[in-house]
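K.L.:
Next come a sequence and a model predicted from it.
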Amino acid sequence: MSPVLLTGIAAITLALVAYTLGVAGILRRRRISGRVAGLLTCGLVLDVVATSCMTILAGGVHLTLHGIVGYLALGLMLVLVVHAWRHRRASGDGPVAGWLFRYTWIAYVLWVLAYVMGVALGASR
């Protein structure tokens, strides 16, 4: 197995763990602690690393269903991270607004869908 593929697999799996812990923190407590914002940021960085690795292996960006869903999910998680840090700066550990709570759930579900699609695609090869 190539080092780029191994790096991509490790990074995307660690991103899943970081995103899951961060999103669970928001959904459970309805607050964004510094730890939660840090986990989401770590997940985003790992997601970008994994996406870069997989794009290199694919020989560039391809607009497949998985590619479209994956890039959309990455973009939604980027927006979530920005809003998490904005919320921390403006409200500290204050309660999360209803729209941000719903957005977190939607972004995470779409990201997990992209992850599952990628695992299925990789397993089929």
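P.N.:
Alright, I've got the coordinates.
K.L.:
what's around Leu40, how many residues?
P.N.:
29 (other Cβ atoms under 10 Å). C-beta here means a position set from N, CA and C on the backbone, and glycine is covered the same way.
K.L.:
In contact with it: list those residues for me.
P.N.:
Residues counted as contacts of Leu40 (Cβ atoms under 8 Å, 6 or more residues apart in numbering) are 18-19, 22-23, 77, 80-81, 84.
K.L.:
now the residues you listed as TSV including neighbour count?
P.N.:
Shown next, in TSV, are the contacts of Leu40 (neighbours: other Cβ atoms under 10 Å):
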residue	neighbour count
Ala18	20
Tyr19	26
Gly22	28
Val23	23
Met77	25
Leu80	26
Val81	22
Ala84	25
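K.L.:
Keep only those of those residues that are in helices.
P.N.:
18-19, 22-23, 77, 80-81, 84 (DSSP state H).
K.L.:
Is it possible to get a markdown table of the residues you listed that adds pLDDT and distance to Thr51?
P.N.:
Formatted as a markdown table, these follow (pLDDT from 0 to 100; distance: Cβ to Cβ, whole Å):
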| residue | pLDDT | distance to Thr51 |
| --- | --- | --- |
| Ala18 | 98 | 14 |
| Tyr19 | 98 | 13 |
| Gly22 | 98 | 18 |
| Val23 | 97 | 19 |
| Met77 | 98 | 11 |
| Leu80 | 98 | 16 |
| Val81 | 98 | 15 |
| Ala84 | 97 | 20 |
